[in-house]
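*Asks:* no FASTA, just this:
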């Protein structure tokens, strides 16, 4: 962290070199203002979730009261549990499908391979709203109305939609990992009599593992972060966290929403930190 | 890479599951609304696919053309602001010491990982009439007023009779602020990548040969970073153009963008064929942008191989 404070403190000791742009005052001010712009809203949101005041502007002392209130809001808890369930199932399926996609594209040459690769990238690039309305119409038209099913199957439609946009992302991450695989390993295993499945299970999957973990964390955050597609694929009777927050936000700004949002922010930040940590370790392992 | 015929069992086992998923839950839904976009509504839920271009023609009516123009304009302004803000930030990150560089990059990316809805909500709390910005302004106003009264100018009402909170929310400016807030990391990252690849000795040479920093920036840095700039513009512009939540929550009645109109066709207005046509127009715009980006980065790829 000390390097960061160095960056923002004025260093009068030495003359600023021609290429030391980061030490120029106006650039520092721009960076500082940008970071304030990016973080001020989120930080005030977090800070005011602990504020003992309904009006939510003036600081009136520290309290956990709104966390308690959020915890006792059964709809909010239900929505939260639903969203975590969706994210969990979506992550598992997305990683499996993503790994298979990555493997096919990495290992095989087949007709229309480029077109196939392009189609797999589509869910990553098309506007969320288009995918959202398409899935909504599709589920309504095919009569795939899961909203009335028993929990957790009432979440099927949303989970299917989440998998559809998450697994191509996971595939990209896993494929990047596969690029570093040494094919001599699988060839010698085959020479020594291993079957295709044994090679996959005992050699390729262990090599993929960091990619699988990174892909899983990505799929999990994507699912937890999504609003638009969930909004369109959730029926009137299915409560999910973003949709619940959306209806609360439309209504008013309350400390309770702040508290609920803070919990979600903390979860996402923890997962991101974990992902970065794992990635760093891998990079170091590769470099060392 | 192996030919798939060499081990067909392994190929099919890994090919079929993701392909089926993509076909059933992505391509089929898209094809369905693609077909609907050539249909007409004949009842509350009945759609007759007559392969007419009627819906696309309707999208060209002045009302919808206006919304398209407005969306393009808002996305354009957002992209421009992002470019102006992100360029100095990217420069500062590239030239920072390695450790600080990592932290700064992380700080720029991190908000991108928090839920979009929550970030938008956080902005509402800051911008609303009784929000933090107006609260701060009121405090400044009261103190200035107190000071003016103190020095005997209070009766002139120099700064107005009472504090008027600024209407910062539910207008186009709020939407642009929200869009910039969301899209900024999209612009910083490609600019950073482009500037990081740039050969610093070229900047040094330019400075040594007597060009100033501004001249060096325009004649050396910008031309060399052009593919990165183009890439940043495209990947900022595309998601911004299709954004739904920001105009919905921060905008007023006249801040509707295409996505909001599409949503209305599928929900309250219940006109699926027209909504389908609008979504496909939005998608074609997206593909056009992506093709442009591919073209520009391909040219870069031929220049230097990293």
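*Replies:* Happy to help now that I have it. None of the values given here were measured: they were computed from a predicted structure. Numbers count the residues shown, from 1 in each chain, chains lettered A, B, ... in the order given.
*Asks:* The closest residue to chain A within the stretch 201-306 of chain B: what's it in contact with?
*Replies:* Across the stretch 201-306 of chain B, no residue is closer to chain A than residue B:242, which sits at 3.0 Å (Cβ to the nearest Cβ). The way it works is simple: take the backbone N, C-alpha and C, and place the C-beta from them, glycine included. Counting by Cβ atoms under 8 Å, 6 or more residues apart in numbering or on different chains, residue B:242 touches A:127-130, B:258-259, B:282, B:286.
*Asks:* For it, which non-adjacent residue is spatially closest?
*Replies:* The shortest distance from residue B:242 to any residue that is not its chain neighbour, by Cβ to Cβ, 6 or more residues apart in numbering or on different chains, is 3.0 Å, and that residue is residue A:127.
*Asks:* Just list the residues touching residue A:176, thanks.
*Replies:* Residue A:176 is in contact with residue A:211, counting by Cβ under 8 Å, 6+ apart.
*Asks:* change it to 10 Å
*Replies:* Counting by Cβ atoms under 10 Å, 6 or more residues apart in numbering or on different chains, residue A:176 touches A:102, A:106, A:211, A:214-215.
*Asks:* Return the distance of it relative to chain B.
*Replies:* Spatial separation of residue A:176 from chain B under the definition Cβ to the nearest Cβ, to the nearest Å is 15 Å.
*Asks:* and that residue, which of the three is it?
*Replies:* On the three-state scheme (DSSP: H, G, I helix; E, B strand; the rest coil), residue A:176 is labelled helix.
*Asks:* So which of the contacts of residue B:242 wins on neighbours?
*Replies:* residue A:129 (29 neighbours; other Cβ atoms under 10 Å in any protein chain shown).
*Asks:* ok, back up a step: so the residue nearest to residue B:242 sits against residue B:278, correct?
*Replies:* No. At 11.1 Å, residue A:127 does not count as touching residue B:278 under the criterion of Cβ atoms under 10 Å.
*Asks:* What's the end-to-end length of stretch A:148-156?
*Replies:* From its first residue to its last, stretch A:148-156 covers 11 Å (Cα to Cα, to the nearest Å).
*Asks:* Pull the distance from it to the chain's centre.
*Replies:* Relative to the chain's own centre, stretch A:148-156 is displaced by 23 Å; criterion: Cα atoms, centre = their mean, to the nearest Å.
*Asks:* and what of stretch B:115-126?
*Replies:* Between the mean C-alpha position of stretch B:115-126 and that of its chain there is a distance of 16 Å (Cα atoms, centre = their mean).
*Asks:* residue ranges for the strands of chain B, please.
*Replies:* According to DSSP state E, chain B carries its strands in the segments B:2-3, B:39-41, B:47-49.
*Asks:* so which of those is the most packed in?
*Replies:* Highest mean neighbour count of the strands of chain B: strand B:39-41, a mean of 18 (counted as mean count of other Cβ atoms under 10 Å in any protein chain shown).
*Asks:* Neighbouring strands - and their directions - for that one?
*Replies:* Strand B:39-41 has the following sheet partners, assigned by DSSP bridges: strand B:47-49 (antiparallel).
*Asks:* Might you calculate how far the partner strand sits from the centre of the chain?
*Replies:* On Cα atoms, centre = their mean, the centre of strand B:47-49 falls 34 Å from the chain's centre.
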